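>>> Sequence and predicted structure, then a few things I'm wondering about:
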Amino acid sequence: MSNREVADLLAAASAAYKIKDEQKNKFRSIAYDRASAAIEHLGSEVKDFWDDGKLEDVPGIGPNIAKHLDEIFKTGKSKHFNKVFLGVPPSVFEFLKITGVGPKKAIKLAKELNIKSSKGAIKRLSKSAKSGKIAEIERFGEGSQKVIAKSIKEHEARPKERMLISQAENIARDVVGWVSENKSVEKIEVLGSLRRRASTVGDIDIAVATKNPESILDHFIEYPNKTRTLGKGPHKASIVLPNNIQVDLMATENDSFGSLLQHFTGSKHHNIALREIAQKKGLSLSEYGIKGINNLKFKIKNFKDEESFYKSLALSWIPPELREDAGEIEAAKANKLPDLLKLSDIKADLQIHSDFDIETSHDIGDSSMVEIAKKAEKLGYQYIGFTEHNPSQRGHNERKVIELIKKKREAINRVNTKIKIFNSMEVDILPDGKLAIGDKALGELDFALVSIHSSFAQSRQSMTARVLSALSHPKVKIFAHPTARRINKREGVELDWTKIFEFCRENNRWIEINAEPTRLDLPDYLVREAVKAGVTLTLGTDSHHVRSLENMRYGVDVARRGWAERKDIINARTLVEFEKVLKGGE
DNA sequence: GCCGTTTTCGGCCCGACTGTTTTCAGTCG
């Protein structure tokens, strides 16, 4: 069972408790919700925790939930959950997928409309909305009926998919441009997961400092590209853009903008953890500031910036990338936050494809070596690696491959540049773990990257053996886009990361953080594990065009979210240092 | 059902917005 499936199961149990218990035991429902969220945000597989008998190490999972999950992992069934779901029509869990419908409304709809089966439940609900039956239900009405009909349409049109960070940036830039046309904007910032630099973004959150929130919100909901307005109050409004993209805007006075930044940046779990800390100190936290819980004389305290906000809780300022309630609050308390990698630390790009025709069966780049070298100089790099794909296996014996590599070296030598260019190559890891070019050809390279481009579905065990076999060759230094995932398109391969990380640490192999926005691979949660394991990482843009060299910042985002510091990154080292490691390696 | 730097019992984050009523429950972030 995947983390997603376990999280869904626990969330369904939470909903079932809400329906059955009424107010009697609402904290049990909350506990299941928290356990569900904990697993959803868990870095590693919850099944691995179970394998090690450490389910209760997951915060939010206690003896009871652990016992129930144990039964599921062992037998695939659970008497407990069957009992929890008993008496709740399966249609309810379909209805919960619709925005605006929670457990209470879902059960009412199921009962009053007599829709019990999950099969076709949403279709039948849609019919009931059209025939006006929903409006007849007590405490529903014409308004609710309309909203439900609209939400069903959106649900059916496109299941909500998270955007790539690069897409979200573009959309946010447009909306910010529009809102900024209003003259009462004093400050405007994009917050939420985009500010935390998450690899994918769900909703776009924008905060505005202003003396006139009403005028801002009125202007905001007139955004020309919107498909509808979800809601609008005195401080907040939400609109929907094409492809079901939601944009939330919140406006406040300048003197509490710091609190607003903090609140709207999240993450939700980070904020909840902060509020729990505040509560123990007799304080209450909100987007408006901090106030006393039982002390009416204690006036709300405003914060102009985030530093003073965190300081008032005896915490050092926490970089947004770390705000996931994954240990950053404890580290801030102990003044032990990492000194995160910065874009300006990067001295090289170690995955670039030029237009040199290496006669590969994969794709080649669009830009010349000269263009790329010039751009790299502009970015302040000291060295780069050209890593075109290996020549196609068909029609190239080793002699021909060597010829091509030599020809490429001559081309590199003709580039007039101050930076050092390494003659490298991205070599396929074949299904059996062998490399796509021979030993002598590999010997001609300065170093090689290896990566998986076929047979993605191998078992964890054989995939791990396959990769370790490829990494064992002395010329291989980099394991590129290691999970081979394509965001929203292809899941990553299964690997025993503990073994991979250990091998790389012991044998001086570097694991890539591929900065291409559709990959961002190694993913942030595995970067965190790699850093903990003492593995050295490398950043590469996988550029096939000169302008993609700018994507390096997305790779830096991922590194930062994985708590990586300058010392963890090979291409944050100077050329002299890099060459020393390259030689000393093997 | 979970959890502990005042607790193994007694708490459990905070506020906005909507629709339906007329003071609030439900949902969301």
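In hand now; what should we look at? Numbering: from 1, shown residues only, chains lettered A, B, ... in the order given.
>>> Tell me which residue lies nearest the centroid of chain A.
A centroid search over chain A (CA atoms, centre = their mean) returns residue A:199, at 3.7 Å, as the residue closest to the centre.
>>> How about that one: what's its closest non-neighbour residue?
The shortest distance from residue A:199 to any residue that is not its chain neighbour, by CB to CB, 6 or more residues apart in numbering, is 4.4 Å, and that residue is residue A:520. To be clear about C-beta, it is placed using only N, CA and C from the backbone, and glycine gets the same treatment.
>>> and that neighbour, what does it touch?
With contacts taken as CB atoms under 8 Å, 6 or more residues apart in numbering, residue A:520 has the following neighbours: A:165, A:199, A:487, A:513-514, A:554-555, A:558.
>>> returning to that earlier point: what residues are up against the residue nearest to the centre of chain A?
Residues in contact with residue A:199 (CB under 8 Å, 6+ apart) are A:164-165, A:487, A:520, A:523-524, A:557-558, A:561.
>>> swap in residue A:108?
A:137, A:139-140.
>>> any idea how far it is from residue A:147?
Separation of residue A:108 from residue A:147 (CB to CB, to the nearest Å) stands at 15 Å.
>>> Kindly report the same for residue A:349.
With the distance defined as CB to CB, residue A:349 ends up 49 Å from residue A:147.
>>> How about the residues of the stretch 151-300 of chain A by DNA strand B?
Applying the criterion CB under 7 Å from any atom of the strand, the portion of the stretch 151-300 of chain A that neighbours DNA strand B consists of A:192, A:203, A:205, A:231-237, A:246, A:248, A:268, A:271-272, A:275-276, A:278-280, A:284-288, A:291, A:293.
>>> Go through these and flag which are in helices.
Taking DSSP state H, the ones among these that sit in helices are A:192, A:268, A:271-272, A:275-276, A:278-280.
>>> Columns pLDDT and neighbour count on top of the residues you listed, output as CSV?
Written out in CSV, the entries for these read as follows (pLDDT from 0 to 100; neighbours: other CB atoms under 10 Å):
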residue, pLDDT, neighbour count
A:192, 95, 23
A:268, 90, 13
A:271, 93, 19
A:272, 91, 14
A:275, 91, 15
A:276, 89, 11
A:278, 88, 18
A:279, 86, 12
A:280, 84, 8
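>>> okay, how far is it across stretch A:78-92, tip to tip?
Distance between the boundary residues of stretch A:78-92 (CA to CA, to the nearest Å) amounts to 20 Å.
>>> cool, and stretch A:470-479?
9 Å.
>>> same check, this time on stretch A:473-488
Distance between the two ends of stretch A:473-488: 33 Å, counting by CA to CA.
>>> What residues of that stretch count as buried?
By neighbour count on 16 or more other CB atoms under 10 Å, the buried set for stretch A:473-488 is A:473, A:475-485, A:487.
>>> what about that stretch, average pLDDT?
Per-region confidence: stretch A:473-488 scores 96 on mean pLDDT.
>>> How far off centre is that stretch?
Between the mean C-alpha location of stretch A:473-488 and the chain-wide mean there is a distance of 19 Å, by CA atoms, centre = their mean, to the nearest Å.
>>> about what we covered before: for the buried residues of stretch A:473-488, which one is nearest DNA strand B?
residue A:487 (20.9 Å; CB to the nearest atom of the strand).
>>> The closest one touches residue A:519, doesn't it?
Yes. Between residue A:487 and residue A:519 there is a contact under CB atoms under 8 Å: 7.0 Å.
>>> can I get the CA coordinates of the strand or helix carrying residue A:512 in PDB?
Counting by DSSP states H and E, the element that carries residue A:512 is strand A:510-514. As requested, the backbone C-alpha atoms of strand A:510-514 are provided in PDB (Å, rounded to 0.1, in the frame of the first residue of the first chain):
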ATOM      1  CA  TRP A 510      27.600  12.100  -6.800                       C
ATOM      2  CA  ILE A 511      23.900  12.100  -7.000                       C
ATOM      3  CA  GLU A 512      22.300  14.700  -9.300                       C
ATOM      4  CA  ILE A 513      19.600  17.100  -8.500                       C
ATOM      5  CA  ASN A 514      18.200  17.600 -12.000                       C
END
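>>> What is that strand packed up against?
For strand A:510-514, the helices and strands in contact under the criterion 3 or more CB pairs under 8 Å, 6 or more residues apart in numbering; DSSP states H and E are strand A:348-352, strand A:476-479, helix A:497-507, strand A:537-540, helix A:552-561.
>>> just checking, what packs against the longest one?
Applying 3+ CB pairs under 8 Å, 6+ apart, one finds that helix A:497-507 contacts helix A:460-471, strand A:510-514, helix A:524-532.
>>> And these: which comes nearest residue A:447?
Each of these has some distance to residue A:447 by CB to CB; the shortest is strand A:510-514, at 9.5 Å.
>>> Near the residue of the stretch 201-350 of chain A found nearest DNA strand B, how many other residues are there?
Across the stretch 201-350 of chain A, no residue is closer to DNA strand B than residue A:233, which sits at 2.2 Å (CB to the nearest atom of the strand). Neighbouring residues of residue A:233 were enumerated by other CB atoms under 10 Å; the total is 10.
>>> repeat for residue A:52
Under the criterion other CB under 10 Å, the count of neighbours that residue A:52 has is 9.
>>> And residue A:212, by the same measure?
The burial metric for residue A:212, expressed as a neighbour count using other CB under 10 Å, is 16.
>>> Go ahead and confirm it touches residue A:184.
Yes. If you go by CB under 8 Å, residue A:212 and residue A:184 touch, sitting 4.1 Å apart.
>>> joint contacts of the two?
Common neighbours of residue A:212 and residue A:184, using CB under 8 Å, 6+ apart, do not exist here.
>>> Next up, the contacts around the spatially closest residue to residue A:395 that is not a sequence neighbour.
With sequence-adjacent residues excluded and distances taken as CB to CB, 6+ apart, residue A:395 is closest to residue A:359, at 7.8 Å. Residues touching residue A:359, when contacts are defined by CB under 8 Å, 6+ apart, comprise A:391-392, A:395-396, A:404.
>>> domain parsing for chain A?
Following automatic domain parsing, one gets these domains for chain A: A:3-157, A:163-252, A:257-333, A:343-582.
>>> Highest mean neighbour count out of these?
Between the domains of chain A, the one whose residues have the most neighbours on average, counting mean count of other CB atoms under 10 Å, is domain A:343-582 (a mean of 19).
>>> Any idea how far apart the tips of that domain sit?
Using CA to CA, the span of domain A:343-582 from its first residue to its last is 23 Å.
>>> With DNA strand B as the reference, measure out to residue A:106.
6 Å (CB to the nearest atom of the strand, to the nearest Å).
>>> Leaving aside the residues adjacent along the chain, what's closest to that residue?
residue A:95 (3.9 Å).
>>> ok now the lengthiest strand in chain A, how far from the chain's centre?
Ranked by number of residues, the top strand in chain A under DSSP state E is strand A:245-252. Centre-to-centre, strand A:245-252 and its host chain are 21 Å apart (CA atoms, centre = their mean).
>>> packing partners for whatever helix or strand comes next after that strand?
Proceeding C-terminally, strand A:245-252 gives way to helix A:257-265 as the next helix or strand, assigned by DSSP H and E. Applying 3+ CB pairs under 8 Å, 6+ apart, one finds that helix A:257-265 makes contact with helix A:192-195, strand A:204-209, strand A:245-252, helix A:306-311.
>>> Now do the same contact list for the residue in the stretch 401-550 of chain A positioned nearest to DNA strand B.
Of all residues in the stretch 401-550 of chain A, the one sitting closest to DNA strand B is residue A:488 (19.1 Å; CB to the nearest atom of the strand). Taking CB under 8 Å, 6+ apart as the criterion, residue A:488 is in contact with A:161-162, A:164, A:200.
>>> and which of those residues is nearest residue A:382?
Out of the contacts of residue A:488, the member with the shortest distance to residue A:382 (by CB to CB) is residue A:164, at 29.7 Å.
>>> Please name the residues that touch the residue lying closest to the closest one once chain neighbours are set aside.
By the measure of CB to CB, 6+ apart, the closest residue to residue A:164 outside its immediate chain neighbours is residue A:517, 4.7 Å from it. Residue A:517 is in contact with A:164-167, A:487, A:551, A:554, counting by CB under 8 Å, 6+ apart.
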